[in-house]
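Asker: Build me a model:
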Amino acid sequence: MLQCASVKAMDPSLFPARWWHPSEGGRIQCDLCPRDCRLSEGQRGACFVRENIAGEMVLTTYGRSSGFCIDPIEKKPLNHFYPGSSVLSFGTAGCNLMCKFCQNWDISKSRDMDRLLDQASPDEIARSAEEWDCRSVAFTYNDPVVFAEYAMDVADACHAQGIKTVAVTAGYIHAEPRHEFFAKMDAANVDLKAFTDDFYFRLTAAHLQPVLDTLRYIKHETDTWLEITTLLIPGQNDSPGEITAMSQWIARELGVDVPLHFSAFHPDYKMTDLPATPIGTLERARAIALSAGLHHVYTGNVHDTAGGSTNCSSCKSLLIVRDWYEIENYRLLEDGRCPDCGAQLAGRFGKHSPAFGNRRIPLTRI
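Answerer: This is a model prediction of the structure:
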C-alpha cells in the first residue's frame, strides 16, 4: 500500500510507511520482509521500527540516525567499488533478523528510540556527503531494509548530487520492495550468513531461501554492483563442506566475478562463549572458494595482505595491495583494466585519488 496522508495529518512527526495491507481482526500486515508481521493497534513489528498507528503502518525512525561517520569504502566491505574512496555511513535502529552473534547489537537491537539523537533530512545528508568529498553514502550499522523509505529518499537526494549509494544488508526482503529498493542502490554488500537453513533458523530466526532469492535478483535483474560477506563463526558455519557448497552455488548462480569476503567473528551479544575466528580458518575458506572457481575472495577483520589484495582475474597480476582497510599500492587503470594484460576487472572504477586510508571520522552534525 502506498503512503497515506491521514496519519501524517494526525501527527506531522509521523512518517507513513509503505508495503502493508489491512488484515483480519482489525490488524494490518507488513509486506516488507518475509516475517509478514501482523500488528494490532500500537504494536510494532519484529524489527521494532514499523508500528500500527490508527490502522496504518508508520516508520518510527524516518529522518533519525544512530550517528554519522566517514569510512573507507573497504570497511563496508566493498573492494571493487571505487577502491580507496570515502563513504558517508549511517544507520538508524532496529533489524528484521535476530542474530545471536550480532556485531552491532547495541544499534540494531536497540529498543531505545532516544539513542537516535542525530536527525537529518535526505537533502542534508546528500549535502554533507558532497561537502566531505565522499563518493558515496552507505546505509549500514543496522539493516537498511527496515528503514527502506528513508534510505530510498536519501538515495534520490544523493543521485541528484552525483553521489553513489551503498546498501549493507542481509537481503531479507520481499519481491516488491526489493525491486524498488535496489533500483536506487549503486552497490550492495549482502551478508550471506551461512549456507544452511538450520543456521538461519537457529541463530537468526529467519530462513536462507529469501536471501538467495535476493542475491540472484541483484545480480541478474539490476545494475547494482554486488559483493557478499560471510562472517565465519567457529563450529557454526565454517566447515569445509558448507564453504564448498556455498562457493559452488555463488559460482554457478551468480558468476565467478562476484567478490566474496570471509570475515572474522569476535564473541559478542548472545554468543560470547565462542572463540574468535582463527586466521587459519579464514585462509582455509579463501582457498576453498578460490578452488571452486571464484576469482576474488577476501579475508576481513584481520591483517592479511594476501587475503585483502586484488589480483587480475586473467593474468593474476597484483593490482591493489591492501592491509585491512589500507591501500598500499594501486596499479589499476582508470577504466578498471589491468595494466599488464588489459583485462577488465569486474567492478566500478574511476580516476583513483589518494586513498582515504584506514580512518574513521565521526560527524557531530549533518
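Asker: Buried ones in the host helix or strand of residue 190, by neighbour count?
Answerer: Assigned by DSSP states H and E, residue 190 falls within strand 187-191. Neighbour-count burial for strand 187-191 flags 187-191 (criterion: 16 or more other Cβ atoms under 10 Å). In this view, the C-beta of every residue, glycine as well, is placed from N, C-alpha and C.
Asker: Equivalent analysis for stretch 189-207, please.
Answerer: Residues of stretch 189-207 classed as buried: 189-196, 199-200, 203-204, 206 (neighbour count, 16+ other Cβ under 10 Å).
Asker: now, among these, which is nearest to residue 168?
Answerer: Closest approach to residue 168 among those (Cβ to Cβ): residue 189, at 5.1 Å.
Asker: ok, which stretches of the stretch 101-250 of the chain are helices?
Answerer: Using DSSP state H, counting those that start in this stretch, the helices assigned to the stretch 101-250 of the chain run over residues 105-108, 122-131, 148-160, 175-182, 197-204, 209-221, 240-253.
Asker: and residue 73, which of these is closest to it?
Answerer: Residue 73 lies closest to helix 122-131 among these, at 12.6 Å (Cβ to Cβ).
Asker: list the helices and strands the closest one packs on?
Answerer: Counting contacts by 3 or more Cβ pairs under 8 Å, 6 or more residues apart in numbering; DSSP states H and E, helix 122-131 packs against strand 86-91, strand 136-139, helix 148-160.
Asker: Tell me the strands beside the first one, with direction?
Answerer: Right, the one you point to is strand 86-91. Strand 86-91 has the following strand partners under DSSP bridges: strand 67-72 (antiparallel), strand 136-139 (parallel).
Asker: weakest of those by average pLDDT?
Answerer: Comparing mean pLDDT across the strands paired with strand 86-91, the weakest is strand 67-72, with a mean of 94.
Asker: Stretch 204-211 - what's its average pLDDT?
Answerer: Averaging pLDDT along stretch 204-211 gives 97.
Asker: Then stretch 231-246?
Answerer: Taken as a whole, stretch 231-246 carries a mean pLDDT of 98.
Asker: buried sites along that stretch?
Answerer: Neighbour-count burial for stretch 231-246 flags 231-233, 236-238, 242-244, 246 (criterion: 16+ other Cβ under 10 Å).
Asker: Tell me which residues are up against it.
Answerer: For stretch 231-246, contacts defined as Cβ atoms under 8 Å, 6 or more residues apart in numbering pick out 101, 103, 191-196, 199, 203, 230, 262-265, 271, 274-278, 281-282, 284-285, 288-289, 292.
Asker: Can you say which of those residues are buried?
Answerer: Neighbour-count burial (16+ other Cβ under 10 Å) applied to the contacts of stretch 231-246 gives 101, 191-196, 199, 203, 230, 262-265, 271, 277, 281-282, 284-285, 288-289, 292.
Asker: circling back: list the helices and strands the strand holding residue 190 packs on?
Answerer: In terms of contacts (3+ Cβ pairs under 8 Å, 6+ apart), strand 187-191 is packed against strand 164-169, helix 209-221, strand 225-232.
Asker: Just tell me which of those ends up closest to residue 80.
Answerer: strand 225-232 (6.7 Å).
Asker: Turn the buried residues of stretch 231-246 into JSON lines, including distance to residue 90.
Answerer: Below are the buried residues of stretch 231-246 laid out as JSON lines (distance: Cβ to Cβ, whole Å):
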{"residue": "231", "distance to residue 90": "21"}
{"residue": "232", "distance to residue 90": "27"}
{"residue": "233", "distance to residue 90": "27"}
{"residue": "236", "distance to residue 90": "30"}
{"residue": "237", "distance to residue 90": "29"}
{"residue": "238", "distance to residue 90": "31"}
{"residue": "242", "distance to residue 90": "33"}
{"residue": "243", "distance to residue 90": "32"}
{"residue": "244", "distance to residue 90": "37"}
{"residue": "246", "distance to residue 90": "30"}
